[in-house]
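**Student:** Sequence and predicted structure, then a few things I'm wondering about:
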Amino acid sequence: MQNVEVILANFKRAYSGSAEICQSVIKFYGDFIFTKSPELSRLEADFEVDHSTFNHALERISTTIGFGEIKRRFKKLNLSPEWPQHLPIRLKSGTQISGYIQNVFLSFPLCIGRIAQEEKDIFGFEFVDRSEDILCSILPRIKNTFINSGQVLKSLKRVGMSTYIYGVFHEKGHLFGNISILLKPYEGLEFGYALPAFREYMADLTAFKLAGELPDVILSSFFQRLYWYSQTKNNYDPDKLCFLALFNLVHDCFLRGYASDKLYIDLNRLVSVLANAIDSVPHLEMSDSPDKLQKWWSRQIKLFEENGSSIYREILKDRALSWSSGSAI
Ligand SMILES: [Zn+2]
């Protein structure tokens, strides 16, 4: 496990100097807690820092939104001005990689069973090649489902960069409000699924607000949630519930075609709704009450069943899963 300390030291050194990352190869040899793997997963693999994605992402943010504006947005959301310590990496070689296969990121110090005391203790790695694999696997389904799939696919051209920027902002979003992972590192059992799922939802809304001018960042995440994370059989999975609450916001952006059995998706509206949704989230204080938070989720599930589930099933066709059957909450 000493290797983790080396990674942390090198990573911090790289960030404290400039935006340039000097270290190229990162070696993971140990047991890690991944969010999508049961218990501990052994990882024995070499990863390469994706300099190109890192530099292009920073350049893009700088030329489209600007770092001054990003800092203003951090401030408006009561976030610190610190840039998240999050690096894009790609698998180079490995003998034990199941954790990598099932996950798209690795977040420290949680993945080694430690709790961060301060923001500077938190750092992570985005498996950009895994997100690219997931997106590639769902592109044919997007093509088969939407009349305007060309428009969708055009926005998903640089998936590595889009998902990396999303990952950076999503991690920042985990420090938002009274659900910050720094304020409540230990989740009380009484919250059950409700708090982790709400944290996931709010981290996404924060990320979407920060990346408002970058539709590809919002869409690459949304389509992964729609075609990938919503499919898990576990109804209590935070990513699945997060998708459900997001879908409730945008279900009417999916329209049935008049002369085709395919659907039309209003991309501009979907992006605009998601980018501004955090402005209208009421009652953040409910996250202090397990009862209120669970009721909020029950309402979300009911809303989904009433308004969104039929169009969702049409998008996913026969592969759609139901929240109302089996182990519904
Ligand atoms: Zn998250």
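**Tutor:** Done, it's in.
**Student:** Would you check how far apart the residue of the chain positioned farthest from its centre and the ion are?
**Tutor:** Among the residues of the chain, the one whose C-alpha is farthest from the average of all C-alpha positions is residue 259, by CA atoms, centre = their mean at 35.2 Å. Here the criterion is CB to the ion, to the nearest Å. By it, residue 259 lies 41 Å from the ion. For glycine as for every other residue, the C-beta is placed from the backbone atoms N, C-alpha and C.
**Student:** Tell me the confidence at that residue?
**Tutor:** You'll see residue 259 listed with a pLDDT of 73.
**Student:** Provide the backbone phi and psi angles at it.
**Tutor:** The phi/psi pair for residue 259 (degrees, to the nearest 10) reads phi -110, psi 20.
**Student:** Check residue 265 too.
**Tutor:** phi -120, psi 130.
**Student:** what does residue 52 give?
**Tutor:** Geometry field for residue 52 lists phi and psi as phi -60, psi -50, criterion degrees, to the nearest 10.
**Student:** Kindly report the same for residue 237.
**Tutor:** Torsion angles at residue 237 (phi, psi; degrees, to the nearest 10) stand at phi -60, psi 130.
**Student:** ditto for residue 104
**Tutor:** phi -110, psi 0.
**Student:** Would you tell me which residues of the chain are close to the ion?
**Tutor:** In this structure, the chain approaches the ion at residues 200, 203, judged by CB under 5 Å from the ion.
**Student:** Could you list the low-confidence segments of the chain?
**Tutor:** Within the chain, the segments meeting pLDDT under 70 span 1-23, 38, 184-191, 282-286, 318-329.
**Student:** show me where it has strands.
**Tutor:** Taking DSSP state E as the criterion, the chain carries its strands at 25-33, 40-49, 86-96, 105-108, 123-127, 254-256, 263-265.
**Student:** Which other helices and strands does the fifth one contact?
**Tutor:** When contacts are defined as 3 or more CB pairs under 8 Å, 6 or more residues apart in numbering; DSSP states H and E, strand 123-127 sits against helix 2-17, strand 86-96, strand 105-108, helix 159-173.
**Student:** That one: partners in the sheet, and parallel or antiparallel?
**Tutor:** Using DSSP bridges, the strands paired with strand 123-127 are strand 86-96 (parallel), strand 105-108 (antiparallel).
**Student:** Need the contact partners of the longest one.
**Tutor:** Okay, so that is strand 86-96. Contacts of strand 86-96 from elsewhere in the structure, counted by CB atoms under 8 Å, 6 or more residues apart in numbering, are 11, 21, 25-26, 42-50, 53-54, 57, 97, 100, 123-129, 160, 164, 167-168, 171.
**Student:** Let's see that with 6 Å instead.
**Tutor:** Residues outside strand 86-96 that contact it (CB atoms under 6 Å, 6 or more residues apart in numbering) are 42-50, 53-54, 124-126, 128-129, 164, 167-168, 171.
**Student:** Could you check that strand and say which residues are buried?
**Tutor:** The neighbour-count criterion (16 or more other CB atoms under 10 Å) identifies 86-91, 94 as the buried residues of strand 86-96.
**Student:** Show me what residue of the stretch 1-150 of the chain gets nearest to the ion.
**Tutor:** For the stretch 1-150 of the chain and the ion, the shortest gap (CB to the ion) falls at residue 35, measuring 7.5 Å.
**Student:** and the end-to-end length of stretch 211-218?
**Tutor:** Criterion CA to CA, to the nearest Å; first-to-last residue distance in stretch 211-218 is 7 Å.
**Student:** what's the neighbour count on the residue nearest to the residue of the stretch 1-150 of the chain closest to the ion when sequence neighbours are not counted?
**Tutor:** Closest residue to residue 35 in three dimensions, ignoring its sequence neighbours and counting by CB to CB, 6 or more residues apart in numbering: residue 103, at 6.4 Å. Applying other CB atoms under 10 Å, we find 19 residues neighbouring residue 103.
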